[in-house]
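S.K.: no FASTA, just this:
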Ligand code: DAH
């Protein structure tokens, strides 16, 4: 092939080249050491007569330079093109909305517990705690719940294996069935007047259903002074509920029985609930807590003189309050760890 023809062919081909791979191929095809088209011409020069050798040699050498130039130019072009495409792909869209970072959040029961504590703290109450593993003396005996007395059955108990042996009697370990033992633990170590709440987890050996769990939370309350009475209790607890539900509420005290209070009451709150397919709302009383005046025997257990002091105590179920506040139909949802439920408080 003539040098001029090789040039023509090369120029045509280099036009179409669009990738580094093709560029490498064309380079090999024309300038390859053994079988490059132009290399072959250069190798065959020595067979030509001297005059022609000079002429063709000059042409071929200058075409070689030209081809090398074209190839390096093309190489630069492809490189710029590649870089541009890369940049385009990496382009940051500043108008894109940011991705939301999800932080952890508090469990609904934690939120409710914190709110309850805040309300009582604002009323001058102190927050104290007691152990979840209790012994039968604090959980029962000191609270005027005698051994073998049927009232003990009110609290289905998880008993633990170990026991403490005293000279006169044995105290068995258990998971506390209520927060009331904290009353006695606190009174043993503090002189009245005082007002405390004791929040914490309690356990019941019971069959579970939508309103019963084997573990739940209670807040115990205790206020002792020279002349505390039930109307003090009523005022404080009404204020508490109005703060907690953030609206006016109506409560009523209903006579009841607890071994550690005399008299004992149960507190109901009035709720208006919608009846299906009707416009009017039905009024319903919902039982929310137990309370009463501290029984003289409980003062005695804590070595306080019942003739000097009187006070009220109450125990409220935290789960129950959370269920009412957030309209949750099943207490077990709090403990299932189902994120679809929990993340509603995010
Ligand atoms: N401890 C009771 C329970 O778990 C609740 C209770 C009732 C606590 C009356 C009190 C009280 O302090 O005075 O069922």
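M.R.: Perfect, thanks for sending it. From a predicted model like this one, the values you see are computed outputs, not experimental measurements. Numbers count the residues shown, from 1 in each chain.
S.K.: from here on, contacts and neighbour counts on C-alpha atoms
M.R.: Will do.
S.K.: what helices or strands is the lengthiest helix in the chain leaning on?
M.R.: Ranked by number of residues, the top helix in the chain under DSSP state H is helix 50-89. Here helix 50-89 touches helix 3-16, helix 20-31, helix 37-43, going by 3 or more CA pairs under 8 Å, 6 or more residues apart in numbering; DSSP states H and E.
S.K.: avg pLDDT for that helix?
M.R.: On average, the pLDDT along helix 50-89 is 91.
S.K.: next, the buried residues of that helix.
M.R.: 53, 56-57, 60-61, 63-64, 67, 70-71, 74-75, 78 (16 or more other CA atoms under 10 Å).
S.K.: for residue 320, see how far away residue 281 is.
M.R.: According to CA to CA, to the nearest Å, residue 281 stands 22 Å off from residue 320.
S.K.: more neighbours: which of these two?
M.R.: residue 320 (20 against 12; other CA atoms under 10 Å).
S.K.: surely residue 320 and residue 288 touch.
M.R.: Yes: contact criterion CA atoms under 8 Å: residue 320 and residue 288 qualify, at 7.2 Å.
S.K.: now do the buried residues in the helix or strand following the longest helix of the chain.
M.R.: Using DSSP states H and E, the helix or strand that follows helix 50-89 in sequence is helix 108-122. Residues of helix 108-122 classed as buried: 108-109, 112-113, 116-117, 119-120 (neighbour count, 16+ other CA under 10 Å).
S.K.: packing partners for helix 108-122?
M.R.: strand 126-127, strand 194-203, helix 230-245, helix 318-326.
S.K.: partner strands of the helix or strand just after the first one, with direction?
M.R.: What that stands for is strand 126-127. Remark: after strand 126-127, the chain's next helix or strand is strand 133-135, criterion DSSP H and E. Its sheet considered, strand 133-135 pairs with strand 170-175 (antiparallel) by DSSP bridges.
S.K.: could you list the buried residues of the partner strand?
M.R.: For strand 170-175, by 16+ other CA under 10 Å, it's 171-175.
S.K.: out of the residues you listed, the closest to residue 35 would be?
M.R.: Using CA to CA, residue 175 is the member of those that sits closest to residue 35, with 92.0 Å.
S.K.: so that closest one bridges to which residues?
M.R.: Going by DSSP bridges, residue 175 forms beta bridges with residue 133.
S.K.: and the buried residues of strand 170-175 as TSV, adding pLDDT?
M.R.: Formatted as TSV, the buried residues of strand 170-175 follow (pLDDT from 0 to 100):
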residue	pLDDT
171	84
172	88
173	92
174	93
175	96
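S.K.: from these, which is closest to residue 315?
M.R.: residue 175 (17.1 Å).
S.K.: isn't that closest one right up against residue 138?
M.R.: No: if you go by CA under 8 Å, residue 175 and residue 138 don't touch, sitting 11.4 Å apart.
S.K.: all helices of the stretch 151-300 of the chain, in order?
M.R.: Remark: helices assigned in the stretch 151-300 of the chain by DSSP state H, counting those that start in this stretch are 181-189, 230-245, 296-301.
S.K.: nearest to residue 6, out of these?
M.R.: In terms of CA to CA, the element of these nearest to residue 6 is helix 230-245, at 93.3 Å.
S.K.: what is that closest one packed up against?
M.R.: Helix 230-245 packs on helix 108-122, going by 3+ CA pairs under 8 Å, 6+ apart.
S.K.: what does the helix it packs on rub up against?
M.R.: 126-127, 197, 199, 240, 243-244, 318-319, 321-322, 334, 342, 345 (CA atoms under 8 Å, 6 or more residues apart in numbering).
S.K.: backbone dihedrals for residue 229, both of them.
M.R.: Here is the backbone geometry of residue 229 (degrees, to the nearest 10): phi -140, psi -180.
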